[in-house]
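Student: coordinates only, sequence not included:
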């Protein structure tokens, strides 16, 4: 909202960096609140003079920077997502919860204003991301451990629920905004049923609790990735922190273990590739343990010789620097130009008024929304997300607003498919063969009804979904469907894509996509006796994916032919 010459996406990325940095500051303050809440956590530290407090502030500051430069936490500042704000809200909720408990214990006559603020921020946090519920086991245990299972305890919760609902009330913005036909009306929460589906995350349940194999895969990933989040030095501090709390404040240790355990138990059951952000609460717990681990070291050396103290304090100061050096390359997104380059290459090759059926959300469909609706580029192109079209009835409303001409032409087939999709969405009995046949018919009608005056392009990975009566002509990063083969439609897929870290899931998917399209190029060129071009396409595949068996086989066949 601040006036600036920078375009929207840059301002939003700066904003999310500021929010992530704010989360580091809130973590520091929350660490101090937890440490000072002796009445809540019954910590056994006795002598709390100014020097003592300064030593813990030093430990908390170091832990804040160590956490801030851990891979997943730091990554929230380089991508526009919900998790930066999620971190701020989680930590603020924890901060107010501990302060509320403390005030209730010291001034029991009225409900603590900090508790009221806690309930309100908890509602806000739920409205931002539902994984806020992972704090419930720890909160409920500590609450009833503090106040007991008495009538007054439940009455207090009832009174606080009013302010929790007030925080949740921002949800009411969704149906109001949806009713006014926004550009992107995700889930169309304008009606009661779709509103409930939207706020309860119904469309994401399909990836939850998918079996023991998923649990093993995600848990192994978490354990294996932990040393990438934190250096071995900081892991040692975590172990020391656990030992220190076991001795000094088991109540705090149990509270942190409950937060950690609920996070892991939930996240390992979620079968998605970008799972890292769902472990954030466990990393916050690790940050608190690091603070106590560093504090434990400082307390043990306070009576040592000056040179010993200076060396150990220096080493503690080095921990954040180690984190920066270790995680820089994994977090660095400065070379990531793939979505921008992909969309610009695609838009340059698409004919006017094209229809594109695609599945590449991260580097084509999502960026295209920005380019079309914010930059106002290529608004003549109709881009259809194949996955949303197949699985969500609200997406047809989205298409009706932005491609009404197409919905009118395919209305009979879309109505037949929506009847079957409605059964699927409402968990009613349906026949898989029937819904599949209606789906194929819908796709065929989209192509058939578009072709007279709209060129049609498809994602090469969706090739099998479309009738073989159409010829496939490589046209840049997509295949063009035509009834009569025409070589003038051909465009090479090869483009100067900036090298990007291949260990990232989206980068891996892009590499697979790009190589798939390059191989289609190679086959097309070889078919038309343009062997030099075919060789270049295959060499590009091997440059990006040296172990690509199909490209290696193709090179062998070319050699035999020569």
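Tutor: Received, thanks. Values in this document were obtained by computation on a predicted structure and should not be read as measured data.
Student: Show me the shaky parts of this protein.
Tutor: The model of the chain has pLDDT under 70 over residues 43-49, 303-305, 307, 499-502, 561-562.
Student: what about residue 206, how many residues close to it?
Tutor: Residues contacting residue 206 under the criterion other C-beta atoms under 10 Å number 9. In this view, the C-beta of every residue, glycine as well, is placed from N, C-alpha and C.
Student: Likewise for residue 79?
Tutor: Neighbour tally, residue 79, other C-beta under 10 Å: 14.
Student: Wasn't it part of a strand?
Tutor: No - counting by DSSP: H, G, I helix; E, B strand; the rest coil, residue 79 is not found in a strand; it is coil.
Student: Please name the residues that touch it.
Tutor: Residues in contact with residue 79, defined by C-beta atoms under 8 Å, 6 or more residues apart in numbering, are 13, 16, 333.
Student: hmm, try it at 10 Å
Tutor: 13, 16, 277, 331, 333, 336 (C-beta atoms under 10 Å, 6 or more residues apart in numbering).
Student: And the second one, how far from residue 250?
Tutor: Between residue 16 and residue 250 the distance is 38 Å, computed by C-beta to C-beta, to the nearest Å.
Student: Out of the contacts of residue 79, which end up buried?
Tutor: Buried by 16 or more other C-beta atoms under 10 Å: 13, 16, 277, 331, 336, out of these.
Student: Turn those residues into TSV, including secondary structure and distance to residue 378.
Tutor: What follows is those, written out as TSV (DSSP: H, G, I helix; E, B strand; the rest coil; distance: C-beta to C-beta, whole Å):
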residue	secondary structure	distance to residue 378
13	helix	23
16	helix	27
277	helix	31
331	helix	32
336	coil	22
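Student: show me where the stretch 101-250 of the chain has helices.
Tutor: Counting by DSSP state H, counting those that start in this stretch, the stretch 101-250 of the chain has helices at residues 113-128, 136-147, 151-168, 173-178, 192-199, 212-229, 232-248, 250-267.
Student: Please convert those helices to a markdown table, extending it with mean neighbour count and distance to residue 89.
Tutor: Shown next, in a markdown table, are the helices of the stretch 101-250 of the chain (neighbours: other C-beta atoms under 10 Å; distance: least, C-beta to C-beta, whole Å):
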| stretch | mean neighbour count | distance to residue 89 |
| --- | --- | --- |
| helix 113-128 | 21 | 4 |
| helix 136-147 | 17 | 14 |
| helix 151-168 | 14 | 10 |
| helix 173-178 | 15 | 17 |
| helix 192-199 | 16 | 16 |
| helix 212-229 | 14 | 21 |
| helix 232-248 | 18 | 24 |
| helix 250-267 | 20 | 15 |
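Student: Select, out of the ones you listed, the one closest to residue 392.
Tutor: Among the helices of the stretch 101-250 of the chain, the nearest to residue 392 by C-beta to C-beta is helix 192-199 (9.6 Å).
Student: which strands and helices sit next to that closest one?
Tutor: If contacts are counted by 3 or more C-beta pairs under 10 Å, 6 or more residues apart in numbering; DSSP states H and E, helix 192-199 sits against helix 173-178, helix 394-402, helix 411-425.
Student: since we're on residue 535, how many residues are nearby?
Tutor: Here the number of neighbours of residue 535 (other C-beta under 10 Å) works out to 16.
Student: same deal with the one 10 residues further on?
Tutor: Neighbours of residue 545 under the rule other C-beta under 10 Å: 18.
Student: Any figure for the gap between the closest residue to it other than its chain neighbours and residue 547?
Tutor: Closest residue in space to residue 545, ignoring its immediate chain neighbours: residue 515 at 5.1 Å, by C-beta to C-beta, 6 or more residues apart in numbering. Look at residue 515 and residue 547: by C-beta to C-beta, they are 11 Å apart.
Student: Compare those two and say which is more crowded by neighbours.
Tutor: Just comparing residue 515 and residue 547: by other C-beta under 10 Å the higher neighbour count belongs to residue 515, 22 against 7.
Student: just checking, what packs against the host helix or strand of that one?
Tutor: Assigned by DSSP states H and E, residue 515 belongs to helix 505-527. Under the contact definition 3+ C-beta pairs under 10 Å, 6+ apart, helix 505-527 sits against helix 338-349, strand 471-475, strand 478-482, helix 531-544, helix 549-561.
Student: can I get these in CSV with distance to residue 403?
Tutor: Shown next, in CSV, are the helices and strands packed on helix 505-527 (distance: least, C-beta to C-beta, whole Å):
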stretch, distance to residue 403
helix 338-349, 17
strand 471-475, 20
strand 478-482, 17
helix 531-544, 33
helix 549-561, 35
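Student: got a list of what residue 233 touches?
Tutor: 66, 290, 315, 316, 318, 319, 322, 323.
Student: do the same with residue 132
Tutor: With C-beta under 10 Å, 6+ apart, residue 132 has these contacts: 86, 89, 90, 93, 121, 122, 123, 124, 125, 126, 281.
Student: same question, residue 391
Tutor: Neighbouring residues of residue 391 by C-beta under 10 Å, 6+ apart: 203, 206, 385, 421, 424, 425.
Student: May I have the phi/psi pair for it?
Tutor: phi -120, psi -10 (degrees, to the nearest 10).
Student: Please report the distance of it from residue 535.
Tutor: 40 Å.
Student: With residue 528 instead?
Tutor: From residue 528 to residue 535 the distance is 14 Å (C-beta to C-beta).
Student: Setting aside sequence neighbours, what's the nearest residue to residue 161?
Tutor: Using C-beta to C-beta, 6+ apart, the closest residue to residue 161 is residue 119 (7.1 Å).
Student: Same question for residue 438.
Tutor: residue 417 (4.4 Å).
Student: Residue 452 versus the one you found, what's the distance?
Tutor: If you measure residue 417 against residue 452 using C-beta to C-beta, the figure is 22 Å.
Student: Show me which of the two is the more surrounded one.
Tutor: Comparing residue 417 with residue 452 by other C-beta under 10 Å, the one with more neighbours is residue 417, at 24 against 7.
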